[in-house]
Structures are given as C-alpha cells and as structure tokens.
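In: what follows is a protein structure lacking sequence information:
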C-alpha cells in the first residue's frame with residue numbers, strides 16, 4: 001500500500017481533449033497521489049483521464065502543480081496512517097502557497113469526512129468512492145476556470161459550492177468510455193470488473209465504503225479490453241472486491257467463466273490474470289476457461305484468511321477448512337501448472353495457539369506459490385471490533401514472523417524447482433538495479449505484488 005505518485009505512461013488517449021487555459025494562458029496542471037489497492041488505483045486512473053480530457057496537464061510530481069488529488073485508503077490502520085501522512089504532506093504545499101487546490105478522495109474520505117473536514121482545513125474538497133467522476137468540476141471551480149469548450153468529452157456543470165461532496169449513495173459504476181490513463185508498466189493494465197461487495201466478513205469495512213456488488217456487463221468489459229489492447233496492453237489483471245461473485249446481480253446471471261471466455265476473443269491480449277477470487281464454488285465453466293481459453297493464464301488469487309474452523313466462523317467466511325482444502329486441491333488437480341496466491345490474517349480476536357498451528361499445517365499442505373499475511377487491525381464499525389479475547393500485539397507479531405518464515409521456506413523450495421525450466425515472460429524495460437539488466441515478470445508473477453525477474457542477456 002505504498003504512497004504511489006502516479007506516472008503518466010500513456011499520453012495517447014482515445015478521446016478528444018479540451019483546450020483549458022488559466023488566466024495567464026498556461027494549461028492548468030494536476031498531480032495525483034494514489035494509495036492502497038489496485039482497485040483504488042483504477043479510480044485514480046479515471047481521475048487522470050478525466051482531467052486530461054478536460055484540458056489539464058498531468059504531472060508525475062507535485063512540484064509545479066496547480067492542483068493535487070490524494071486518493072486515500074482506509075482498509076487497515078497502517079493504510080489510514082499512510083493516507084493521513086500523504087494528505088498532510090500536500091497540506092504543507094497548500095499552506096506554502098505552492099498549490100492552489102487540494103482534493104482528498106477515496107475510502108478515507110468516504111469513511112471519515114466529518115473528522116477530516118474539521119481537523120484538516122487546508123483541504124478544499126472531499127470526494128468519496130462514488131464521487132470521483134466529479135473531479136474536474138471541483139478542480140475547475142477551485143482554479144476559477146470555465147467549463148470545457150464545445151466538442152469536448154465533458155460538459156459544463158453547475159458551480160461546486162460544497163466542500164463535503166461525499167455521498168452515501170454508493171452506486172457509481174465506471175464504463176469503458178469513461179476516460180482513463182493507464183499507469184501500470186507498459187504492456188499491462190488492470191480491468192476492474194465490478195464494484196462493491198455482498199460478503200459479510202467480520203473484519204472488513206469495504207462494503208460500507210464501496211457499497212453492494214455492482215457488476216459491469218461482459219459487453220462493456222470486452223469493449224474496454226479492446227480499447228486497452230489498441231493502446232498496446234498485452235496483459236490484463238482482472239480485479240474486484242469479489243471476482244467470483246461477478247454477474248450474480250446482472251440479468252441472466254453470467255459468471256466469471258463467461259467473462260473469461262469472452263476476453264479470450266480480444267485480439268492482442270496475451271495474458272488474462274485473476275485476482276481477489278473469494279473462495280466460493282468454482283463452476284465447471286470457470287475451471288474450463290482456465291484450461292481451454294489460450295490467454296487465460298493458470299493463476300488464481302484466493303484469499304482464504306484462515307484455516308481453523310473456529311476462526312473461519314468468527315470471521316464469517318462461509319467455508320470451513322475441509323471444504324477449503326477440497327476446493328483448492330481440486331483446482332490444483334484440474335488446472336495444469338496452477339499458481340495459487342492467498343492472503344491470511346493472524347491475531348484475529350479469539351485466535352489461540354492451536355488455531356494458529358492449524359493455519360501453519362494448512363499452509364504446509366497446500367503449498368501456496370504466493371502468500372501474503374496481515375496482522376489483524378482493529379477497525380471500528382466492523383463486527384470484529386466488538387469481539388472479546390483480543391490477541392496482544394506482541395503475540396500477533398510473533399505469529400506473523402513464524403508464518404512468514406514457514407512460507408519463505410516453501411517459496412525457496414518452489415523457486416529452486418524452477419531452475420533449468422523455460423517460461424513466458426513480459427519484459428518491462430531496464431532494471432533500476434543495474435543498467436546491465438532488463439526487468440520483467442514471468443506469467444506466474446502478478447504486477448506490483450509478486451516480485452520481478454531479472455534478465456541478463
């Protein structure tokens with residue numbers, strides 16, 4: 001969840017640009033800082049696209065910007081602190097008179113807008129998770145600019161008079177024709193297939209911040225995939241709060257298997273990768289898509305969160321250890337070369353040593369190729385916040401360290417087994433480590449989270 005100053009890697013948008021000018025004749029300049037997950041990043045990319053379509057110049061650094069947008073995260077305590085630090089850094093620029101407009105968007109604004117409005121007076125506007133499409137109306141207002149010229153993508157809106165623009169009506173869903181600037185490394189892009197979540201996990205605040213499940217149509221997603229392919233994208237990483245719930249809210253109830261099959265027909269897309277797949281039933285047509293559709297790579301991110309039946313029940317995860325194990329082993333048996341990624345939580349309220357040991361045994365049995373672990377973060381307004389039997393910070397850290405040592409051993413053994421094998425790789429460019437190396441990713445390495453491959457020749 002790094003403080004990500006978004007680079008502008010694509011300046012060839014598929015939409016006309018306005019010719020917006022400041023009173024001195026220069027183009028207004030905007031910089032975006034985005035924090036948190038890939039889903040948040042896509043929202044920031046839409047804000048970049050909207051700003052560019054409206055005539056703003058996009059800057060990769062706050063220095064020299066007229067306006068700064070901080071797109072925040074509020075998932076766990078560390079992410080909230082990182083968001084606050086980023087906002088305060090930009091507040092200093094505002095106080096120094098180096099920027100004219102400061103807008104805070106995203107999950108932290110959605111969750112804490114009243115507190116933030118009182119404690120951080122330097123912020124001009126707050127926009128929530130369903131409000132970012134209004135960003136250029138806000139920026140034009142703050143900079144004293146007229147609406148876009150005739151023929152531009154955007155239309156002139158009424159003056160923005162309110163500071164708090166966060167709505168509780170969480171129903172916005174971006175479509176393929178909403179301007180967007182891809183900021184991933186050349187050749188790769190995220191494709192957000194739905195918004196919101198219908199699950200009821202005890203530790204999670206996301207449904208309150210993002211709303212209920214809202215799936216995009218397969219036709220709309222294919223249109224965006226085709227647009228990205230025309231921009232040079234070869235790898236699509238499908239993301240959502242809950243990938244395997246895709247389509248249950250749409251007429252006819254299409255599912256993820258139908259979507260993967262449709263994306264298989266998009267010319268130019270060579271890899272389609274699936275992230276954030278909630279561990280529910282995997283329909284036969286979904287498993288067959290991993291086997292039969294040539295550009296769907298055998299990679300699945302399935303966050304199990306725990307393995308102890310007691311802990312899974314407390315977390316309200318909906319699946320017990322036996323069913324989880326059965327499902328994951330079936331996927332390994334049916335999908336050749338399957339790479340499994342997962343995330344787990346240690347130190348959840350009520351976790352005892354025997355529960356933690358069950359989790360370790362489960363990890364040894366399933367041998368995930370990729371695994372991330374969180375130490376439980378106490379979040380108000382979640383069901384877990386009221387649970388008794390808290391686990392101390394010292395114990396949480398000790399368990400996290402033990403789990404990661406165990407996973408590092410598994411990972412090392414798996415990496416050594418790759419010696420002498422040949423794999424497809426996407427080359428991203430020169431390595432920042434050395435001018436003598438190129439850097440890329442194997443098909444088994446997801447962007448941003450799974451490490452990289454160095455190429456010496």
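Out: Structure's in. What do you need? Model, not experiment: these values are computed from the prediction. Residues are numbered from 1 along each chain as shown.
In: residue ranges with poor pLDDT in this structure?
Out: Applying pLDDT under 70 to the chain flags the ranges 1-18, 146-159, 457.
In: the helices in the stretch 301-450 of the chain, which residues?
Out: With helices called from DSSP state H, counting those that start in this stretch, the stretch 301-450 of the chain shows them at 309-315, 321-334, 353-366, 393-417.
In: just the ones you listed: most buried one?
Out: Mean neighbours per residue, mean count of other C-beta atoms under 10 Å, is largest over the helices of the stretch 301-450 of the chain for helix 309-315, with a mean of 20. For every residue, glycine as well, the C-beta is placed using N, CA and C.
In: in a strand, residue 199, correct?
Out: No: according to DSSP: H, G, I helix; E, B strand; the rest coil, residue 199 belongs to no strand; its state is coil.
In: count of neighbours near it?
Out: As a burial measure, residue 199 scores 16 neighbours (other C-beta atoms under 10 Å).
In: what's across from residue 194 in the sheet?
Out: Beta bridges link residue 194 to residue 215, judged by DSSP bridges.
In: okay if I get the helices of the stretch 301-450 of the chain as CSV plus distance to residue 134?
Out: Below are the helices of the stretch 301-450 of the chain laid out as CSV (distance: least, C-beta to C-beta, whole Å):
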stretch, distance to residue 134
helix 309-315, 36
helix 321-334, 42
helix 353-366, 44
helix 393-417, 40
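In: of all the ones you listed, which one is nearest residue 48?
Out: With C-beta to C-beta as the measure, helix 393-417 is the member of the helices of the stretch 301-450 of the chain nearest residue 48 (34.9 Å).
In: now for that closest one, which elements pack on it?
Out: Applying 3 or more C-beta pairs under 8 Å, 6 or more residues apart in numbering; DSSP states H and E, one finds that helix 393-417 contacts strand 339-346, helix 353-366, strand 370-375.
In: other residues contacting it?
Out: Applying C-beta atoms under 8 Å, 6 or more residues apart in numbering, the contact partners of helix 393-417 are 344, 346-347, 351, 356, 359-360, 363-364, 367-371, 373, 375-376.
In: hang on, the earlier thing: quick check: which of the helices and strands packed on helix 393-417 is nearest to residue 88?
Out: strand 370-375 (24.6 Å).
In: show me what that closest one is packed against.
Out: Using 3+ C-beta pairs under 8 Å, 6+ apart, the elements in contact with strand 370-375 are strand 339-346, helix 393-417.
In: can you redo these as TSV with distance to residue 278?
Out: Converted to TSV, these look like this (distance: least, C-beta to C-beta, whole Å):
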stretch	distance to residue 278
strand 339-346	12
helix 393-417	21
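In: how about these, which one is nearest residue 78?
Out: Judged by C-beta to C-beta, the one of those that comes nearest to residue 78 is helix 393-417, at 12.8 Å.
In: could you give the angle of the closest one to strand 370-375?
Out: In terms of direction (axes from the mean of the first three to the mean of the last three C-alpha atoms, to 10 degrees), helix 393-417 departs from strand 370-375 by 170 degrees.
In: do a quick rundown of the strands in the stretch 151-300 of the chain.
Out: 188-192, 194-195, 214-215, 235-239, 271-274, 296-301 (DSSP state E, counting those that start in this stretch).
In: angle of the longest one against strand 339-346?
Out: Strand 296-301 runs at 10 degrees relative to strand 339-346, counting by the same axes, to 10 degrees.
In: who's in contact with strand 296-301?
Out: 260, 263-264, 271-277, 289-290, 331, 335-342, 370, 443-444, 446.
In: and the angle from that strand to helix 321-334?
Out: 160 degrees.
In: now the angle from strand 296-301 to strand 235-239?
Out: Strand 296-301 and strand 235-239 are oriented at 40 degrees to each other (the same axes, to 10 degrees).
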